[in-house]
Every structure is written in C-alpha cells, then in structure tokens.
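1. Have a look; sequence and predicted model below, questions after that.
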Amino acid sequence: MDVHPDKLDITITFAQSLDGKLAGPDGAQIALSCSESMQITHRLRSTNNAILVGANTAINDNPQLNTRLLPTEEQRNPQPVVLDTNLRLPPGCKLVQNFVAGKGLQPWLLTPGSDDLDWHHRRRVLENAGARIMIYNPNSTSHVDSIPSILSTLSFNGVSSLMVEGGPSVIQSFFTAHNKYGSIIDRIIITVAPMFVGEDGVGYNLPRSDGKPAFIHKDSFLAGKDAIMVLEPTSA
Ligand SMILES: NC(=O)C1=CN([C@@H]2O[C@H](COP(=O)(O)OP(=O)(O)OC[C@H]3O[C@@H](n4cnc5c(N)ncnc54)[C@H](O)[C@@H]3O)[C@@H](O)[C@H]2O)C=CC1
Ligand SMILES: Nc1nc(O)c(N)c(N[C@@H]2O[C@H](COP(=O)(O)O)[C@@H](O)[C@H]2O)n1
C-alpha cells in the first residue's frame, strides 16, 4: 500500500533515560528532560504544524502539548492529535479545556470508529465538550498497519509536518511501520537524560532492518545536563 501521496515531514522526538526508558513502572509519567532540553522540545513543537501522542499519554499525563515555555512572540502551537482508538480521553482534559477557553487549538481524536453503542455515546460527549473526532480507514486491526491511513487522514486535513512525541507504544508502531512501509520517518530527535529508571520502566525496540542500521547519527549537542541526538534514516 502506498503510504500517502503528499508525504508528511515526520519527526519522532522523545526523552529517554540512559537505560532507554521513556516512562516509569506501568507507563507512569517521569520527568526526564531538564528545563533547557524541555525548552528545545517546545521549540520543536513550534516548528511542526501538528503534534501526535497516544491515548495512554493523553490520559496519564493530561498534557497541553503547547509551546508555553517559549517567549510569547515565538509561541506557535501545533495542532494536537491523539490516537484514541476507543475514545477513552476524558472530556475534561486540558487539551479540551484549553480549546474551550480559547487557549489552544481544537484537539483531534483519531479513531478507526466502532459499532459499539458506548463508543457512540463517548463520541457525542467528547464532541459536545469540544473535541473533533476524525475517523481513519481501518485497513486492519493492527496499530502498525493503520499508520498509513492515519497519515493520509492528517495530510488530507492540511497537516504537512508532524511531531510524534510518544509514548513508547506509538513510537514502537512508527518505527515498525517505517521498517515495513519505508520512508515514513524523516528524523528522530532524542533527549538523553543522565539517569537510570530501572527495569520496571517502559522503553521501545527498534526493529531489525536487513542487518543495516535504519537510522544514522547526524548531530549531537548538550542542553543543560541532557544530551540531544539527531538521527536520520540511512537512505536520507
Ligand atoms: N519520555 C517521553 O518523551 C515521553 C513519555 N511518555 C510516557 O509514555 C507513557 C504512555 O506510553 P504507552 O503506555 O506506551 O502509551 P501511548 O501513549 O503510546 O498510547 C498507546 C495507546 O494509543 C492507542 N493507539 C492508537 N493507535 C495506535 C498506534 N498506531 N500505535 C500505538 N498505539 C496506538 C492505543 O489505545 C494504545 O493503547 C505516558 O504515561 C507518558 O508519561 C509519553 C510521551 C513522551
Ligand atoms: N521531552 C519530554 N521530556 C520528559 O521528561 C517528558 N516526560 C516528556 N513527556 C511528554 O511531554 C508531555 C507533556 O507536555 P506538556 O508539558 O503538558 O505540554 C507528555 O504528555 C509527554 O508527551 N517529554
């Protein structure tokens, strides 16, 4: 299947510990980035026209996904997108609250849809609260195989650059889709925090890619105590 005719520019970006964890036990949120690297993350948010997280991140962290750490004149908020298959996002979350208060863009919740009556009830509640529900074509029940449809839906709705922020399950899906469909990810920007989380933390795996590295180093620099590393696909 063709990924999509108008390819989005896709940046995968997240913070990890030295032992490769993005979240604590049971996927709990942990503060990995220092203030300097967090500001760089907000700058990156400002250079993309959409930011995507998975439902668990949206529910656990109740994030704002905005650029509030930048000076006012540099703040440019990306379109918030949540991969929310079963419409689990609480209608009172900050993304919806900020939109209703005129302090953020309308959150888009992407789902393959459902015949379930409770799902339709949650859809009405979320739409009445202020969220936009967007249904992508479910090519299969697999998260990985849904990614081309998700990207087409975003592209069709005017998104040209997408920052994928996490969590680990979504990142894993994008890495696997990149390996399977090719040419999906344009760069990975990882903040490495000088700490260990331990074996109960949650990380990701990079799938094998015909024995050669799928991504190679392009740049590294320090931001406060953290190291930031930029990688690009081998073929780029
Ligand atoms: N260190 C960092 O930079 C970041 C850390 N996190 C942490 O990650 C934790 C949550 O991570 P996870 O539990 O892995 O959940 P996640 O945030 O990746 O969400 C996974 C859920 O998204 C939905 N989903 C829909 N389409 C999907 C697709 N194509 N691929 C994968 N999931 C899809 C499913 O309901 C799935 O259960 C959060 O608590 C947060 O603190 C989140 C973002 C960045
Ligand atoms: N860059 C980065 N460093 C960390 O240490 C983190 N825990 C995260 N998490 C991501 O940031 C979201 C919070 O965003 P807001 O501050 O609410 O705008 C969180 O949901 C994760 O996506 N990122």
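-> Happy to help now that I have it. All values reported here derive from a predicted model rather than from experimental measurement. Ligands and ions are numbered 1, 2, ... in the order given.

2. all contacts plus neighbour counts: C-alpha atoms, from now on.
-> Noted.

3. where does Ser140 land on pLDDT?
-> pLDDT, Ser140: 77.

4. Pull the distance from stretch 116-133 to the chain's centre.
-> Relative to the chain's own centre, stretch 116-133 is displaced by 22 Å; criterion: CA atoms, centre = their mean, to the nearest Å.

5. Can you mark which positions in that stretch are buried?
-> For stretch 116-133, the neighbour count (16 or more other CA atoms under 10 Å) marks 119, 122-123, 126, 129-133 as buried.

6. for stretch 16-35, how far is the first residue from the last?
-> End-to-end distance of stretch 16-35 (CA to CA, to the nearest Å): 15 Å.

7. Run through the protein and note the low-pLDDT ranges.
-> Within the chain, the ranges that satisfy pLDDT under 70 run 1-5, 236.

8. All the helices of it, residue numbers only.
-> In the chain, the segments counted as helices under DSSP state H are 35-46, 55-61, 94-100, 117-129, 143-156, 168-181.

9. Can you mark which positions in the first one are buried?
-> Buried residues in helix 35-46, defined by neighbour count with 16+ other CA under 10 Å: 37-46.

10. Quick one, which of the helices of the chain gets closest to Asp6.
-> Of all the helices of the chain, helix 143-156 sits nearest to Asp6, with 6.7 Å by CA to CA.

11. Need the helices of the chain in JSON lines (columns: distance to ligand 1).
-> Shown next, in JSON lines, are the helices of the chain (distance: least, CA to the nearest ligand atom, whole Å):
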{"stretch": "helix 35-46", "distance to ligand 1": "9"}
{"stretch": "helix 55-61", "distance to ligand 1": "4"}
{"stretch": "helix 94-100", "distance to ligand 1": "15"}
{"stretch": "helix 117-129", "distance to ligand 1": "13"}
{"stretch": "helix 143-156", "distance to ligand 1": "4"}
{"stretch": "helix 168-181", "distance to ligand 1": "4"}
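
12. right, so of the ones you listed, which gets closest to Pro78?
-> helix 35-46 (6.2 Å).

13. what does that closest one rub up against?
-> 51, 65-70, 74-78, 163, 191, 223-224, 226, 228 (CA atoms under 8 Å, 6 or more residues apart in numbering).

14. now do 6 Å
-> Helix 35-46 is contacted from outside by 67, 69, 76-77, 223-224, using CA atoms under 6 Å, 6 or more residues apart in numbering.

15. Just the ones in strands from these, please.
-> Assignment to strands by DSSP state E places the following of the contacts of helix 35-46 there: Ala223.

16. Now list the buried members of the contacts of helix 35-46.
-> The neighbour count (16+ other CA under 10 Å) marks 67, 69, 76-77, 223 as buried among these.

17. would you list these in a markdown table and tack on distance to Gly20?
-> Output for these, formatted as a markdown table (distance: CA to CA, whole Å):
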| residue | distance to Gly20 |
| --- | --- |
| Thr67 | 26 |
| Leu69 | 26 |
| Arg76 | 30 |
| Asn77 | 28 |
| Ala223 | 18 |
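
18. With distance to Ala28 as added columns, please give the helices of the chain in TSV.
-> As requested, the helices of the chain are arranged in TSV below (distance: least, CA to CA, whole Å):
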stretch	distance to Ala28
helix 35-46	18
helix 55-61	7
helix 94-100	18
helix 117-129	24
helix 143-156	22
helix 168-181	11
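
19. Start and end of stretch 151-169, how far apart?
-> End residues of stretch 151-169 are separated by 17 Å (CA to CA).
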